[in-house]
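# what's the 3D shape of this:
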Amino acid sequence: MQDNRVAEEQGTDEIVYKERKRILFFGLPWTFTKYRIKADMITCDTGFFSTEENDCYMYKVQDVKLTASLMERIFKLGTVVCYTGDVTDKELRLVHIRHAREIKDYIFKASETARLKRRTVSMQDISADDLDMDL
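You can find the predicted model right below:
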């Protein structure tokens with residue numbers, strides 16, 4: 001079991017993952033950005049003097065991408081990009097975090113579960129009007 005995994009059960013109030021943004025050099029957590037991932041929500045807290053808290057419900061996460069530069073891979077870090085349908089932040093970035101692949105997989109599965117639970121599964125509209133067909 002990973003040390004960043006706080007709770008095994010996926011209750012709505014329990015934090016499943018708790019991570020900090022790290023500086024790229026040696027992956028040290030010397031920044032003031034914290035990420036909390038629950039079964040139903042992702043929260044990003046940034047700042048020291050002036051703080052900002054940004055929340056995104058899991059059901060709004062439409063796609064998840066993992067990126068890792070050469071320096072990130074050397075220090076076992078990664079960046080998870082969540083593409084959301086949220087009004088405040090269309091692209092939620094969890095920058096320079098440890099266990100990025102595990103967190104990306106969790107967010108992907110949790111967002112799918114949340115969409116099915118709320119019955120908000122997004123579908124693409126492919127209509128016959130868009131096709132050039134001779135009938």
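# ok, the residue most central in space within the chain - contacts?
For the chain, the residue lying nearest the average C-alpha position, counting by CA atoms, centre = their mean, turns out to be Cys82 (4.7 Å). Remark: with contacts taken as CB atoms under 8 Å, 6 or more residues apart in numbering, Cys82 is in contact with Ile42, Cys56, Val61, Asp63, Val64, Glu91, Leu92, Arg93, Leu94, Ile107. Quick note: C-beta positions are derived from backbone N, CA and C, even for glycine.
# Check Tyr59 too.
Contacts for Tyr59 (CB under 8 Å, 6+ apart) come out as Asp40, Ser111, Ala114, Arg115, Lys117, Arg118, Thr120.
# Pull out the buried residues from the residues you listed.
Members of those that pass the buried threshold by neighbour count (16 or more other CB atoms under 10 Å) are listed as Asp40, Ser111, Ala114, Arg115.
# Quick check: the last one is in a helix.
When you say that, I think you mean Arg115. Yes - Arg115 forms part of a helix when assessed by DSSP: H, G, I helix; E, B strand; the rest coil.
# name the helices or strands packed onto the worst-scoring helix or strand of the chain on mean pLDDT?
Among the helical and strand segments of the chain, the one scoring lowest on mean pLDDT, DSSP states H and E is strand 15-20, with a mean of 91. Strand 15-20 is packed against strand 34-38, strand 91-97, helix 100-118, with contacts defined by 3 or more CB pairs under 8 Å, 6 or more residues apart in numbering; DSSP states H and E.
# Just put the ones you listed in JSON lines and tack on distance to Phe26.
Conversion of the helices and strands packed on strand 15-20 to JSON lines gives the following (distance: least, CB to CB, whole Å):
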{"stretch": "strand 34-38", "distance to Phe26": "19"}
{"stretch": "strand 91-97", "distance to Phe26": "11"}
{"stretch": "helix 100-118", "distance to Phe26": "16"}
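# looking at those, which is closest to Gly27?
Proximity of the helices and strands packed on strand 15-20 to Gly27 was assessed by CB to CB; the nearest stretch is strand 91-97, lying at 7.3 Å.
# Buried ones in the closest one, by neighbour count?
Applying a neighbour-count criterion of 16+ other CB under 10 Å, one finds Leu92, Arg93, Leu94, Val95, His96, Ile97 buried in strand 91-97.
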